[in-house]
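Asks: please work out how this folds:
(one chain, ligands or ions: 2)
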Amino acid sequence: MLRRIMASPPLVICLGNVVMDHTFRVEDIPQPPAKIAARSYTIGPGGMAANAAIAVVRLGGRAAFWGRVGEDLNGEPLAEALAAEQVDVSGLRHVPGGRTPVGAVLVDPRGERTIVSFRGSGLGTDPDWLPLARIGEAGALCCDPRWPEGVAAAAAAARAAGVPVVLDGERSETRLLVDLVPRIDHAVFSVPGLANYAPGRAPEEGLRQALASGPVRVAAVTQGERGVLWMAAGDDGATRTPAFSVEATNTTGAGDVFHGAYALAIAEGMPVARAMRFAAAAGALRARDGATPDRAAVEAMVAG
Ligand SMILES: Nc1ncnc2c1ncn2[C@@H]1O[C@H](COP(=O)(O)OP(=O)(O)OP(=O)(O)O)[C@@H](O)[C@H]1O
Ligand SMILES: [Mg+2]
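Replies: Ligands and ions are numbered 1, 2, ... in the order given. So this is what the prediction gives:
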């Protein structure tokens, strides 16, 4: 096992959402609604698990994306875009009659964004076609909660194979997160995601609830410019890994890149505190540049 990891970079399987993102840079998001001109426009792959997969490759790992797109105008270009990023898309299913998730992202001059998203339709929930036999090749599995049946199946296979599972605990229904968290090893929430998971609880209490819910080893919440608050099983209290100070231009996807970087760090065997710092640097660079950084940039930031 060790020899194989040393011979080639570790594989991170990213399972969940891929979205065709249309990003518009605007002066302002007007109220009341009006016609406005965009300063610029880009189109490209987004979605939590897809962004995480791209981050894994940029940071020197190997990535495979497992998920679904529709056989529509957006499906094939998304597959091509992921493949162009060197992400293995053999586990990306093109579903006949399905409609691919799409996002409209409005970014203001401060880098803050408003997102309209269509979550897709007719993509099917049955995970039976997933190539679960391949899970043993991976150093980590990184999931988002947009395809819970897929997470449940892949996480069970990963656990059986001794592969650590990271969940991006993003904004989702409470019952869904409560069901998924006990199936995984590293629960890394966003602020709204943790509020959905543990409504009305202080962040540290929410993290404790996740650790107590099952074999969860690490629970964390990413808090943007405040960095990440995390706790490992057996810890007395939570630890804060501060954010790296950057001037943000576009915070879209910083959390997704954080998760990809964290999963790769775990796959490489980094201790949790180091993995948090590594991932925080990757998230900060993504927020600064609006683009996913490479390994050298992240290492330089971590080194200070
Ligand atoms: N403006 C910023 N400055 C420095 N670091 C940042 C900034 N925004 C994000 N980060 C880093 O990236 C991590 C993840 O970002 P954040 O908490 O905003 O994710 P999120 O809420 O899941 O958002 P999204 O999924 O939309 O990217 C943070 O914990 C932090 O370490
Ligand atoms: Mg997020």
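
Asks: please see if the longest helix seen in the chain touches ligand 1.
Replies: Criterion DSSP state H: the longest helix present in the chain is helix 272-289. Yes - using C-beta under 6 Å from any ligand atom, helix 272-289 reaches ligand 1 at Ala280, Gly283, Ala284, Ala287. Any C-beta I mention is one placed from the backbone N, CA and C, and that applies to glycine too.

Asks: after that helix comes which helix or strand?
Replies: Per DSSP states H and E, the first helix or strand lying C-terminal to helix 272-289 is helix 295-303.

Asks: so what's the residue nearest to Asn51 when sequence neighbours are not counted up against?
Replies: Using C-beta to C-beta, 6 or more residues apart in numbering and skipping the chain neighbours, the partner closest in space to Asn51 is Asp256 (3.4 Å). By C-beta atoms under 8 Å, 6 or more residues apart in numbering, the residues touching Asp256 are Gly46, Gly47, Met48, Ala49, Ala50, Asn51, Ala52, Ala55, Asp168.

Asks: where does the stretch 101-250 of the chain get nearest to ligand 2, residue-wise?
Replies: Residue of the stretch 101-250 of the chain nearest ligand 2, by C-beta to the ion: Ser190 (4.3 Å).

Asks: I meant to write the stretch 151-300 of the chain there.
Replies: Closest contact between the stretch 151-300 of the chain and ligand 2, by C-beta to the ion, is at Gly255 (2.7 Å).

Asks: same deal with the stretch 1-150 of the chain?
Replies: For the stretch 1-150 of the chain, C-beta to the ion, closest residue to ligand 2: Met48, 6.1 Å.

Asks: that residue contacts Asp21, doesn't it?
Replies: No - when contacts are counted by C-beta atoms under 8 Å, Met48 is not listed as touching Asp21 (11.6 Å).

Asks: which one of the two has more residues nearby?
Replies: With neighbours defined as other C-beta atoms under 10 Å, Met48 and Asp21 compare such that Met48 has more, 27 against 23.

Asks: can you check what pLDDT the model gives that one?
Replies: Note on Met48: pLDDT of 97.

Asks: what's the closest non-adjacent residue to it?
Replies: Asp144 (3.7 Å).

Asks: quick check: that neighbour vs ligand 1, distance?
Replies: To ligand 1, Asp144 is 9 Å away according to C-beta to the nearest ligand atom, to the nearest Å.

Asks: check Gly206 too.
Replies: Relative to ligand 1, Gly206 is positioned 14 Å away (C-beta to the nearest ligand atom).

Asks: okay, and that residue sits in which element?
Replies: Using DSSP H and E, Gly206 sits within helix 203-212.

Asks: please export the C-alpha coordinates of that helix as PDB.
Replies: Extracted as PDB, the C-alpha positions of helix 203-212 are listed here (Å, rounded to 0.1, in the frame of the first residue of the first chain):
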ATOM      1  CA  PRO A 203     -20.600  25.700  16.400                       C
ATOM      2  CA  GLU A 204     -18.500  23.800  18.900                       C
ATOM      3  CA  GLU A 205     -21.600  21.900  20.100                       C
ATOM      4  CA  GLY A 206     -22.500  21.100  16.500                       C
ATOM      5  CA  LEU A 207     -19.000  19.600  16.000                       C
ATOM      6  CA  ARG A 208     -19.400  17.600  19.200                       C
ATOM      7  CA  GLN A 209     -22.700  16.200  18.000                       C
ATOM      8  CA  ALA A 210     -21.000  15.100  14.800                       C
ATOM      9  CA  LEU A 211     -18.200  13.400  16.700                       C
ATOM     10  CA  ALA A 212     -20.600  11.600  19.000                       C
END
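
Asks: and the next helix or strand after that helix, what does it pack onto?
Replies: Next in sequence after helix 203-212, counting helices and strands by DSSP H and E, comes strand 218-222. The criterion is 3 or more C-beta pairs under 8 Å, 6 or more residues apart in numbering; DSSP states H and E, and the helices and strands that strand 218-222 contacts are strand 186-190, helix 191-197, helix 203-212, strand 228-232, helix 272-289.

Asks: what's around the nearest residue to Val69 once chain neighbours are set aside, how many residues?
Replies: Closest residue to Val69 apart from its sequence neighbours, by C-beta to C-beta, 6+ apart: Gly75 at 3.7 Å. Counted with other C-beta under 10 Å, the neighbours of Gly75 add up to 23.

Asks: pull the contacting residues for Gly75.
Replies: Val69, His94, Gly98, Thr100.

Asks: and if you look at Val151?
Replies: Applying C-beta under 8 Å, 6+ apart, the residues near Val151 are Leu15, Gly16, Cys143, Asp144, Pro145, Leu167, Leu180, Arg183, Ile184.

Asks: fine, thanks again, bye for now.
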